[in-house]
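1. just a sequence and a predicted model for now, questions to come.
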There are 2 protein chains.
Amino acid sequence: MDRRQRKTREAIFRAFIEILSKKDFNNITVGEIIEKADIGRATFYAHFETKEFLLKELCEELFCHVFDSVGDVHNDHRHIFECEAPDSVFLHLFQHLKKNDNNILDLLSGHNNELFMRYFKTNLQKLVASQLNMFDSSKSKSLPESFRINHISAVFVETVCWWVNNGMKETPETITEYFFLSV
Amino acid sequence: MDRRQRKTREAIFRAFIEILSKKDFNNITVGEIIEKADIGRATFYAHFETKEFLLKELCEELFCHVFDSVGDVHNDHRHIFECEAPDSVFLHLFQHLKKNDNNILDLLSGHNNELFMRYFKTNLQKLVASQLNMFDSSKSKSLPESFRINHISAVFVETVCWWVNNGMKETPETITEYFFLSV
DNA sequence: ATATAAACAGAACAAGTTGTTCACTATTGA
DNA sequence: TCAATAGTGAACAACTTGTTCTGTTTATAT
């Protein structure tokens, strides 16, 4: 990719993230973004069709990153995915979040957390579906599969929400324990 | 309240609900609402400061109604609130939803369900806090109280979501069972 | 029944936003 | 070096918002 394109794209993302951490998505204008990114109006629209597409691409960059890192683990040691395995996929996700690459935490807390958590949950469903056996219990046997997949994904996202909004005081290991106790 | 005011207010709500069931909230314009409600522009703004306030008042009407009905039960037979009690507050809520007063189901499914579910969850937290003893178990003892309140509220809302989005085939009793098995 | 106050109609308005276009300039990379 | 590509900045039409105005209709208290 052309260096100019890359720089412009990054400037837009940087500006967008900064504004998102302070302001509701729906009240953000393209004017604000291009001013903070210091680019021309036409340039913005050459990169992104609308504000909404910008958000979508941001989400994809963020969560592809998170889920790709899970993919690696998945391929490396497939055999350790058993219930309560200390280095489970889910612990891995919590650890990854704590590292706060891409300032993802600024986005997961603050005004727009629901926006990102919804996106997060959608991506999570596939992962949970593939790991469903991890959560088998006598209780869960009588519940429909689609119910359980939705339930587990939702509880994970809510656990992340609670963790982030309470200052992330707990270790990833403790939060993983909370998650498995809840699910 | 003046009959004219009441009729106008109802016309606005009716139009708003109808549009909400077909379209994302953020893409709805005041112009559409007043056209469908068949009222003047100035009249709309005499009733509601903005579109967002209209949404807020709609939510309040809907959920006050739901939670008030719980309040009645709460006052009538406070003693039956024990785990798995067949006529628990939560069964009551599921039953109330199934009745579909105010066409609440049109809103809880469709494009804008997250909007309403979020509002629902917020209102639910107080109720859950007061009913927390219902959910005590050996597992839950080690979890922080604020975590548990958030968790239980979230699971309830997600259960409603799943139920509504899957055509509400299950009886309120079955869904209550799902809920208590999950939480 | 009628006077008075309140609500509504509807048009016009300024201010702000969106997404596009165009002529021009700057940068890239072969 | 030079052609291709990317960015600039201003101007634009179309739309949306929230306000203000004048004139009309409706409710209600006496």
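-> Sure thing, it's come through.

2. tell me the residues of chain A that contact DNA strand D?
-> Contact residues, chain A versus DNA strand D (CB under 7 Å from any atom of the strand): A:2, A:4-5, A:7-8, A:38-43, A:46-47. Glycine gets a C-beta too; all of them are placed from N, C-alpha and C.

3. now with 10 Å, please.
-> Counting by CB under 10 Å from any atom of the strand, chain A comes close to DNA strand D at A:1-12, A:34, A:37-47.

4. among the residues you listed, which ones are in helices?
-> Applying DSSP state H to those, the entries found in helices are A:3-12, A:34, A:37, A:41-47.

5. lowest-pLDDT helix or strand in chain A?
-> Lowest mean confidence among the helices and strands of chain A (mean pLDDT, DSSP states H and E): helix A:51-76, at a mean of 81.

6. okay, buried residues for the helix or strand following that helix please.
-> The first helix or strand that comes after helix A:51-76 along the chain, using DSSP states H and E, is helix A:89-99. Residues of helix A:89-99 classed as buried: A:89, A:90, A:91, A:92, A:93, A:94, A:95, A:96, A:97 (neighbour count, 16 or more other CB atoms under 10 Å in any protein chain shown).

7. which other residues reach helix A:89-99?
-> Outside helix A:89-99, the residues that touch it by CB atoms under 8 Å, 6 or more residues apart in numbering or on different chains are A:66, A:69-70, A:73-74, A:81, A:104-105, A:108, A:127, A:131, A:156, A:160, A:163-164, A:168, A:172-173, A:175-176, A:179-180.

8. return a ChimeraX selection command for the buried portion of these.
-> Buried residues within those, by 16+ other CB under 10 Å, are selected in ChimeraX with:
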select /A:66,69,70,73,74,81,104,105,108,127,131,156,160,163,164,168,172,175,176,179,180
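
9. just the contacts of helix A:89-99: which are in helices?
-> Among the contacts of helix A:89-99, DSSP H puts A:66, A:69-70, A:73-74, A:104-105, A:108, A:127, A:156, A:160, A:163-164, A:172-173, A:175-176, A:179-180 in helices.

10. walk me through the domains of chain A.
-> A:1-48, A:55-182 (automatic domain parsing).

11. give me whichever of those domains is most buried.
-> Mean neighbour count (mean count of other CB atoms under 10 Å in any protein chain shown) peaks for domain A:55-182 among these, with a mean of 16.

12. any idea how far apart the tips of that domain sit?
-> Using CA to CA, to the nearest Å, one end of domain A:55-182 lies 31 Å from the other.

13. stretch A:26-45 and DNA strand C in contact?
-> Yes: counting by CB under 10 Å from any atom of the strand, DNA strand C is contacted by stretch A:26-45 at A:26-34, A:40-45.

14. start to end distance for that stretch?
-> OK, stretch A:26-45 end separation, CA to CA: 18 Å.

15. what of stretch A:160-171?
-> One end of stretch A:160-171 sits 12 Å from the other (CA to CA).

16. you'd agree residue A:41 is up against residue A:34?
-> Yes: with contact defined as CB atoms under 8 Å, residue A:41 counts as touching residue A:34 (5.7 Å).

17. for chain A, which residues score under the pLDDT cut-off?
-> Residues of chain A that meet the criterion pLDDT under 70 lie in A:71-87.

18. in CSV: the buried residues of helix A:89-99, plus distance to residue B:149.
-> CSV is the format used below for these (distance: CB to CB, whole Å):
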residue, distance to residue B:149
A:89, 27
A:90, 22
A:91, 24
A:92, 27
A:93, 23
A:94, 21
A:95, 26
A:96, 27
A:97, 22
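
19. and which of these is nearest residue A:54?
-> Distance to residue A:54, by CB to CB, is smallest for residue A:97 among the buried residues of helix A:89-99, at 22.6 Å.

20. and the gap between that closest one and DNA strand D?
-> Applying CB to the nearest atom of the strand, to the nearest Å, the value for residue A:97 to DNA strand D is 31 Å.

21. cool, residue A:123 as well?
-> Residue A:123 sits at a distance of 29 Å from DNA strand D (criterion: CB to the nearest atom of the strand).

22. is the host helix or strand of that residue in proximity to DNA strand C?
-> Using DSSP H and E, residue A:123 sits within helix A:113-130. No: using CB under 10 Å from any atom of the strand, helix A:113-130 stays clear of DNA strand C, with a minimum separation of 15.9 Å.

23. what's that helix in contact with?
-> Counting by CB under 8 Å, 6+ apart, A:25, A:55, A:59, A:62-63, A:67, A:70, A:89, A:107-108, A:149-150, A:152-154, A:156-157, A:160-161, A:164-165, B:114, B:118 sit against helix A:113-130.

24. just checking, residue A:51 touches residue A:31?
-> No: between residue A:51 and residue A:31 there is no contact under CB under 8 Å: 10.7 Å.

25. for DNA strand C, see how far away residue A:19 is.
-> The gap separating residue A:19 from DNA strand C is 12 Å, by CB to the nearest atom of the strand.

26. how about that residue, secondary structure?
-> Counting by DSSP: H, G, I helix; E, B strand; the rest coil, the backbone at residue A:19 sits in helix.
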